[in-house]
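S.K.: pasting a predicted model and its sequence here:
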Amino acid sequence: MELPGPIVKSGEIQPVYLKYCETCYIWRPVRASHCSRCNACVANLDHHCPWLANCVGQRNYWYFIVFLIFLQVCCFFLISTSFYHVHKAGLNHAKAACFLGIYCSICVPYPLLLLVYHVCLGLTGISTREYINADRNEGNCLLQDVCLNPFNSHRYGHNFKRQWFRRRGKSNISMLARYQPGDQRFNVIEIGAI
């Protein structure tokens, strides 16, 4: 069986190629990619998050960003209340609170850097997957703004709004639909596959 070649659609700056997914047997929409862990094509796939055991894409990217923001808020709240408790009760009476405050202080930079990274990606109008692929193929050209990104409008506010506040789109899975033989919603999920 011979697979069809790419279809060219006009982008804002340069042509964009639609690819055929050999696993799902569909023409993938622009910026969609196939996730091998979820075994599905995901619209505007940013990355597969192992901690959420889910792909982050068009329909849940905003929720992922809000999750990172509230994670930072909770960490700073935990640090401040822990050290306040240590200050009021004394170190001898609040050893657990001291340990928790120090541990959270050590852990807080990593999700903060992830949030800053996604803010920078949002300002340039690219996804994590596009950044990694461009960095692997062409060096660090996205940060130097020398490689062409058809989705970068070169206006940070416009890119940011389009990346973080875009419409979620309609789900292709109807959770209220009746069961059909071979329905993916009722497949058993193997923990080792995630």
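M.R.: On my side now, so go ahead. Residues are numbered from 1 along each chain as shown.
S.K.: residue 136: how many residues sit nearby?
M.R.: Neighbourhood size, residue 136 [other Cβ atoms under 10 Å]: 8. (C-beta placed from N, C-alpha, C; glycine too.)
S.K.: do residue 153 as well
M.R.: Neighbours of residue 153 under the rule other Cβ under 10 Å: 15.
S.K.: what of residue 61?
M.R.: Residues within reach of residue 61, counting by other Cβ under 10 Å, total 23.
S.K.: can you check residue 168 too?
M.R.: By other Cβ under 10 Å, the residues close to residue 168 number 13.
S.K.: likewise for the one 10 residues further on?
M.R.: Under the neighbour criterion other Cβ under 10 Å, residue 178 is assigned a count of 6.
S.K.: how about the strands in the chain?
M.R.: Per DSSP state E, the chain carries strands over the ranges 7-10, 15-18, 20-21, 26-27, 33-35, 40-42, 47-49, 54-56.
S.K.: the third one packs against which elements?
M.R.: Okay, so that is strand 20-21. Applying 3 or more Cβ pairs under 8 Å, 6 or more residues apart in numbering; DSSP states H and E, one finds that strand 20-21 contacts strand 26-27.
S.K.: give me the residues contacting the strand it packs on.
M.R.: Residues from elsewhere that reach strand 26-27 (Cβ atoms under 8 Å, 6 or more residues apart in numbering): 7, 18-21, 41.
S.K.: residue 159 contacts residue 166, correct?
M.R.: No - counting by Cβ atoms under 8 Å, residue 166 is not a contact partner of residue 159; they are 10.9 Å apart.
S.K.: neighbour count for these two, which is higher?
M.R.: residue 159 (20 against 12).
S.K.: skipping its backbone neighbours, what lies nearest that one in space?
M.R.: For residue 159, ignoring the flanking residues on the chain, the nearest one in space by Cβ to Cβ, 6 or more residues apart in numbering is residue 125 at 3.7 Å.
S.K.: any idea which of the strands of the chain gets closest to residue 110?
M.R.: For the strands of the chain, the distance to residue 110 is smallest for strand 47-49, at 13.8 Å, taking Cβ to Cβ.
S.K.: name the residues of that closest one that are buried.
M.R.: 47-48 (16 or more other Cβ atoms under 10 Å).
S.K.: got the contact list for residue 154?
M.R.: So residue 154 contacts nothing (Cβ under 8 Å, 6+ apart).
S.K.: I'd like to know how many residues surround residue 81.
M.R.: Using other Cβ under 10 Å, residue 81 is surrounded by 13 other residues.
S.K.: could you do the one 3 residues further on as well?
M.R.: Neighbours of residue 84 under the rule other Cβ under 10 Å: 13.
S.K.: distance check, the residue in the chain sticking out farthest from the centre against residue 58.
M.R.: The C-alpha centroid of the chain is most remote from residue 92, which lies 42.7 Å away (Cα atoms, centre = their mean). Here residue 92 is placed at a distance of 53 Å from residue 58 (Cβ to Cβ, to the nearest Å).
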